[in-house]
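Engineer: pasting the sequence and the predicted model now:
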Amino acid sequence: MQYRTEIDSTEEGNRLSHFVTLANGKEVECDFSPYATMTAQDVETWVSLGCPERVGVAPLNSATLAKLAAKRINVNSIELEDVHARDYPDFCDAYISYAETMDGEPLTDHQLEKLNEDGSFVNQLAHKSFY
């Protein structure tokens, strides 16, 4: 795996674009914070999680990757319920109804309950799905 950045200089400052070359030789862009450089651990975690896209409205960062890795959740498998325009921007009715581990195993009801306890995480996902 190789990691590289490109710098986009604007009047507002420098913004980074992140690129990772995978083991198969394919280069993919990582939607990571444009104001931070990925560490070797960030790159390894991002790849091991299946190169997830952003969670919510903000790009990924080290803390989000660590949270996903700790939970071993395949972000692309998450299904939300009760995301309604009338509930915008709080989405307090939204909840995760289904998700899988990185191994493809469905989360148990207890695991889903624990995942839904992180209201900010669910809110970010609701915002992403709403747009």
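Structural biologist: Happy to help now that I have it. Numbers count the residues shown, from 1 in each chain.
Engineer: list the contacts of the closest residue to Tyr88 other than its chain neighbours.
Structural biologist: What sits nearest to Tyr88 in space, not counting adjacent residues and going by CB to CB, 6 or more residues apart in numbering, is Phe130, at 6.7 Å. No exception for glycine: its C-beta is placed from N, CA and C like everyone else's. Counting by CB atoms under 8 Å, 6 or more residues apart in numbering, Phe130 makes contact with 83, 85, 88, 91.
Engineer: ok, the third one - how many residues close by?
Structural biologist: When neighbours are defined as other CB atoms under 10 Å, Tyr88 has 11 of them.
Engineer: equivalent analysis for the last one, please.
Structural biologist: Phe91 is flanked by 22 other residues according to other CB under 10 Å.
Engineer: nearest spatial neighbour of it, skipping sequence neighbours?
Structural biologist: Taking CB to CB, 6+ apart as the measure, Phe91 lies nearest to Ala126, with 3.7 Å between them; neighbours along the chain are not counted.
Engineer: what's the answer for the second one, then?
Structural biologist: Setting aside the residues directly before and after it, Ala85 is nearest to Phe130 in space (CB to CB, 6+ apart), at 7.7 Å.
Engineer: low-scoring stretches of this protein, by residue?
Structural biologist: Across the chain, the ranges flagged by pLDDT under 70 are 56, 131.
Engineer: many thanks, we can stop here.
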